[in-house]
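# just to be clear, the model below is a prediction. Sequence and coordinates:
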Amino acid sequence: MPSYQVNDDTSTYGRSGSYNNYGYGGQGSQDNTVQMKDRYDRPPAYNNGRDSNPGTSRKRENGHSRTKSVVQAPLSTDSEEYERGHWGSKAEFILSCIGYSVGIGNVWRFPYLAYQNGGGAFLVPYFILLLLVGKPMYYMETALGQFARLSPLQIWRCAPIATGVGVGMIILSLIVAIYYNVIMAYSIIYVGASFRGISEELPWSYCGEWWGADDNCVTRSNLTEDQKLTIVLPRCNAYRTENCSALQSSAEQFWEKYILGIGPGLIELGDLNGFKYDLPMALALSWVVVFLCLMKGVKSSGKVVYFTATFPYAVLIALLVRGVTLPGAYEGLYYLFVPEWEKLLDPIVWRKAAEQMFFSLGVSWGGLIMFGSYNKFHNKIHIDAAIVSSLDFITSIISSCVVFSVLGYLAQQTGIDIKDVAKGGQGLAFVAYPEALASLPLPWLWSILFFLMLFFLGLDSEFALLETSLTALYDGFPVLRKHKVKMTALGCTACFLLGLPCVSSNGQYVLDLMDTYGAGFAVLWIALWEVVALMWIYGYKNFSKDIALMIGSEPMWFTKLCWVVLCPVILLVIFVMALYYWEEPTYSGSIPYPQWAHWIGWGLVGISAVQVPLWAFIMSMVYCCKRKPTKVASPTKLWGPGDAQVRKAIFEEQNGIAPRKQGYGGYDNHAISAY
C-alpha cells in the first residue's frame, strides 16, 4: 500500500511501528492546538490550495498539496451542520441490527427454502456459508461504518475507484424499500380482517360471498376424497389447461380476491388493471408509521426498536410453544429437519442458501454500514456482530419450527400430504399459515398477533432501508441534517408514490418481478466487489489496523482469511452459478411474464450493478484529469477515523503535544494521508 510519510526535521513517532508523523511541523503548534480544541466532529479537511492561515506553510506529499496544520477544524463548536447523531445506548444499536436482519423473510422465505431444498440438507450449506461469508462480512460492514462514521456512499473515500459499490447499495436499498412496505400493507389488512373473528369465523376460513368467493372455492375442512386429489394440482389458467385444477381453498381465494384483487397478468406495458381503495390506503398508513418513527433519524428509531424488535420474539415464542404441542406437529418438524443428503450435490441448493443468507442478514445492502456509523468509536463491534448474526440464524430456525409445526397439524387435519399443504413465497405467510391459524382455539387472537408480528418485522427492516439513503444525503450535504423531518417526509412520499403500482390489481406481478430481479443478482455482484475493494485495494492490513485502533486488537487470522480469500472466491462461484442456472421466472410457477417484463427486470438488475464499473470509470477519468491516475486506488485526504477525540489524540501524540500514554502512538496505517 502507498506510504504517505513525509521527511521532516521535527521529531516523529515514525519508528518501531509507531504512528508516523505525516507532514506536521512543530512551528505554529500552539495555534493549531487551540484550533483543534474548537471542533473535531467531521473528517479531517484539507485546504485544497487555499492558504487561509498565513502561519502555516505548504508541503508536498506524493503529489498532494497540504498544510502543516493537518486538520482544518470548523470554527464553531455547536454547528448543527456537522452533527450526525448517535445511538442513545448500545442496546439501541443491537436491537436495530436485530430488527434489520430479522425480517419477514425469516418467517416465509427461510422455512420454504429449507423445505424445498432438502430440509436439513439446506441447513448444512446455509450454516457453512454463514460461517465463511455471512459472519465475516457482517463484522466487516459494521466495523467499517463504526470506524469512519460515514454512510455507505461516502465510506469509499478509502478507495475512490469503488465508489460505485456505495451507489449500488443505495439503489438496492431503495428498490427493496419501495416494495417491502407493500408486504407490510398486506399485514395491516389482515389485522383488520382478523377482528371479524371475534364475533364470527375468520373470513378466510369459509367461502364468503361478501369478499368475492366463487363456485371454485372450497374449505379444507370439508374436502371430499376427490377434491383432496385435485386441489393439490397446479391451478388452471389461460396458460395451463391440462393436468390442473380449478379448485381453490378459501384462504387462497381470500388472498387473491379480497386482499390483492389480482388481475389477469401483465399483458400490455403500463396496464395495471385499476386499484382497490383499501390496499393503497394501507400502504399510505404503513408509510406514515415509518415516517413517524424515522423523522428524527436514529434518535427516534432507536427508541422505537425497544418494542418493534422485541415484540416479534414474544409472539414467535408463544406461537412456537403452541405449535409444537399440536397434533401432527412432529410430521411438520420431520419434513423440516430430516435431511436429503443427495441435495448437497445440487448447486442450486447452495445458490439458494447464499441468496437467503444475504437477504436475511442484510449484508451488502448498506444498512449495516449505516447502523455502525452511529456507534461509539471504541464499541466492541466484533462481539455485537457475532451476537446479531448468530441470533438471526437462531430466529430463522425458530420461525421454521413455528411454521412447519402448524403445517404438520394442518396436514393431519385435512388428510393432505404436507408437501402439498406448504406453499412458497408470500403464500406461506398469507395463505397456508393463516389457514392453519383459523383451526386453532381463539383463532382471531392468534391471527392478530401473527400479522402484527409480520408488520413489526417489516417495520424494523424498512427503517434501515430508508435511513441508508437518507444518511447518504446527510453526509453528502450536511446542511440537510437541520431538515431531517422534511427530508424524511419527502423520502416516504416518493417511495409511497413509486410503490403504488405494486398495490394495483396487477401489482402482485410487479412486486414479484421487483423481488426476483431487483434483489437477486445485484446483491451478489455488489457484495463481491465490496469485499475485493476493501480487502485488496484498501488492504486487509490497513483495515485490520483500523479495527485494532477501535477495539484494541486485530481480527483473528481466520477472519482475515475469510475476508481476503474465502469470501471473494465463494461469492464469485455463487454468482457464476446463479447466471449459469438462471431460468426466466414465472408467477406461482405457472403464469409466464411477457418478454418486455423480463427486460424491465434486467433493467432493475442493471441500474444497481452497472454502478460499479460506471463509477470506476468516472473516478479514473477524474484522477487522470488531475494527473494522479494511481491515486484512484488510494484513500483520499478526507479518509480516517470518524471520532473527533481519536483524531485529536492521534494528532497530539504524533506531534509531541501529549504523551504517548494515550495509546494511539502505535497506529501506523500508511493508507491514511490525512494526519
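Structure received.
# who are the neighbours in contact with the residue nearest to Gly332 when sequence neighbours are not counted?
Leaving aside its chain neighbours, Gly332 sits nearest to Gly408 (2.5 Å; criterion: C-beta to C-beta, 6 or more residues apart in numbering). Backbone N, C-alpha and C define where each C-beta goes, glycine included. Going by C-beta atoms under 8 Å, 6 or more residues apart in numbering, Gly408 touches Leu326, Gly328, Ala329, Tyr330, Glu331, Gly332, Leu333, Tyr334, Tyr335, Ile418.
# now for the residues you listed, which pair is the farthest apart?
Farthest pair in the contacts of Gly408 (C-beta to C-beta) is Leu326 and Tyr335. Separation: 14.8 Å.
# mind showing which ranges of this protein have poor pLDDT?
For the chain, the stretches flagged by pLDDT under 70 are 1-85, 297-300, 422-427, 651, 654-675.
# rewinding a little: just among the contacts of Gly408, which is most surrounded?
Greatest neighbour count in the contacts of Gly408, by other C-beta atoms under 10 Å, goes to Gly332: 31 neighbours.
# what helix or strand is it on?
helix 329-337 (DSSP states H and E).
# give the next helix or strand downstream of that helix.
Per DSSP H and E, the first helix or strand lying C-terminal to helix 329-337 is helix 347-361.
# off-centre distance for the helix or strand that that next one is followed by?
Using DSSP H and E, the next helix or strand after helix 347-361 towards the C-terminus is helix 367-372. With C-alpha atoms, centre = their mean, to the nearest Å as the basis, helix 367-372 stands 9 Å off its chain's centre.
# and the helix or strand following helix 367-372, how far out from the chain middle?
Per DSSP H and E, the first helix or strand lying C-terminal to helix 367-372 is helix 381-414. Here helix 381-414 shows a centroid-to-chain-centroid distance of 19 Å under the convention C-alpha atoms, centre = their mean.
# just the buried positions in the following helix or strand past helix 381-414, please.
Heading C-terminal from helix 381-414, the first helix or strand you meet, by DSSP H and E, is helix 418-421. Within helix 418-421, the residues that count as buried by 16 or more other C-beta atoms under 10 Å are Ile418, Val421.
# can the contacts of Gly408 go into CSV with extra columns for distance to Val612?
Below are the contacts of Gly408 laid out as CSV (distance: C-beta to C-beta, whole Å):
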residue, distance to Val612
Leu326, 49
Gly328, 49
Ala329, 47
Tyr330, 48
Glu331, 47
Gly332, 43
Leu333, 43
Tyr334, 44
Tyr335, 41
Ile418, 43
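# Phe275: which of those residues is nearest?
The closest of the contacts of Gly408 to Phe275 turns out to be Ile418 (C-beta to C-beta; 36.7 Å).
# show me the contacts for the closest one.
Glu331, Gly332, Tyr335, Phe404, Leu407, Gly408, Ala411.
# I'd say the fifth one and Gly332 touch.
Which is Leu407. Yes - when contacts are counted by C-beta atoms under 8 Å, Leu407 is listed as touching Gly332 (4.8 Å).
# any idea how many residues pack against the closest residue in space to Val218 that isn't next to it in sequence?
Using C-beta to C-beta, 6+ apart and skipping the chain neighbours, the partner closest in space to Val218 is Leu247 (5.5 Å). Using other C-beta under 10 Å, Leu247 has 20 neighbouring residues.
# tell me who's in contact with Leu247.
Asn216, Val218, Gln227, Thr230, Ile231.
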